[in-house]
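>>> coordinates only, sequence not included:
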């Protein structure tokens with residue numbers, strides 16, 4: 001009943017962009033869309049149900065205890081047979097939920113790391129800290145879209161990948177030379193550089209999903225970040241290039257993944273201009289620094 005009421009309220013308030021609601025009463029990783037990739041449709045990325053679940057198992061293992069310590073229960077809804085190309089986060093009392101769909105996992109642009117980053121984005125709505133989405137009462141429970149992206153790569157995905165042999169994994173993959181150079185400039189150890197590269201490439205994969213859904217012709221590039229600057233923080237979905245910039249900067253931020261963000265102060269646990277950081281900064285195409 002509560003979700004139905006929230007959904008109805010969001011429909012009534014759909015003309016108010018700052019609230020960023022959709023028909024589920026929560027926000028998806030992308031805008032509502034009509035794309036549907038059924039379980040019988042051939043996935044060019046060869047995603048399987050076993051890999052789908054293995055990725056979500058790892059994310060759940062990391063974050064279920066963290067959520068439990070916060071007095072809530074994490075629920076990971078695994079909808080492999082559902083062709084929806086989206087993902088959602090919800091809070092229903094003390095149940096914190098992320099809903100993951102086979103349709104998104106089967107999209108041709110989505111790698112295994114990118115799918116993990118989707119789950120990390122949804123965890124970012126729950127745990128990503130400030131800035132939060134706006135509500136009539138001030139700030140809502142959910143971190144906004146840009147912050148969920150930033151948390152997803154700077155905190156969650158690093159924890160997800162940290163026990164892998166990242167150096168070997170990166171050596172076996174095609175990587176972007178510019179991204180690799182920037183990662184090498186921001187991290188000292190070979191493994192940290194490899195973690196950064198994996199995060200950057202996961203961000204590119206996911207940003208290309210956004211590009212495909214918006215049917216944009218211009219390619220996304222690490223080397224040409226979005227030059228726009230907002231006059232106030234945008235809580236909604238930034239443009240695909242801006243989101244790529246956010247994932248890339250999250251990968252470049254040298255603040256340890258185990259230094260938590262803060263639910264009120266956006267400067268805690270993050271890389272910031274005011275602290276003298278040159279890289280790892282939330283892009284100005286969606287983020288307006290508080291100071």
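The structure has been received and is ready for your questions. Note that the structure is predicted; figures quoted are calculated from it, not measured. Numbering: from 1, shown residues only.

>>> make it CA atoms for all contacts and neighbour counts henceforth
Fine.

>>> Name the residues that touch the helix or strand that contains residue 185?
Assessed by DSSP states H and E, residue 185 sits inside helix 177-186. Applying C-alpha atoms under 8 Å, 6 or more residues apart in numbering, the external contacts of helix 177-186 come out as 193-194, 196-197, 200, 222-223, 251-254, 279.

>>> which among those end up buried?
Neighbour counting over those (16 or more other C-alpha atoms under 10 Å) leaves 193-194, 196-197, 200, 222, 251-254, 279 as the buried ones.

>>> Follow the chain on from the helix holding residue 185 and name the next helix or strand.
The element immediately downstream of helix 177-186 (helix or strand, assigned by DSSP H and E) is helix 190-213.

>>> what's whichever helix or strand comes after that following helix packed up against?
Past helix 190-213, further along toward the C-terminus, the next helix or strand under DSSP H and E is helix 240-252. Under the contact criterion of 3 or more C-alpha pairs under 8 Å, 6 or more residues apart in numbering; DSSP states H and E, helix 240-252 touches helix 145-151, helix 177-186, helix 190-213.

>>> Where do the helices of this structure begin and end?
Assigned by DSSP state H, the helices in the chain fall at 2-12, 49-69, 102-105, 112-127, 145-151, 157-161, 166-171, 177-186, 190-213, 240-252.

>>> which residues touch the fourth one?
Under the contact criterion C-alpha under 8 Å, 6+ apart, helix 112-127 has outside partners 29, 47, 51, 55-56, 59, 87-89, 96, 98, 100, 104-105, 141-145, 147-149, 151-153, 156-157, 160, 198-199, 202-203, 205-206, 263.

>>> Can I have the buried ones of those residues as a PyMOL selection?
In PyMOL, this line selects whichever of these come out buried by 16+ other C-alpha under 10 Å:
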select buried, resi 29+47+55+56+59+87+88+89+96+98+100+104+105+141+142+143+144+145+147+148+149+151+152+153+156+157+160+198+199+202+203+205+206+263
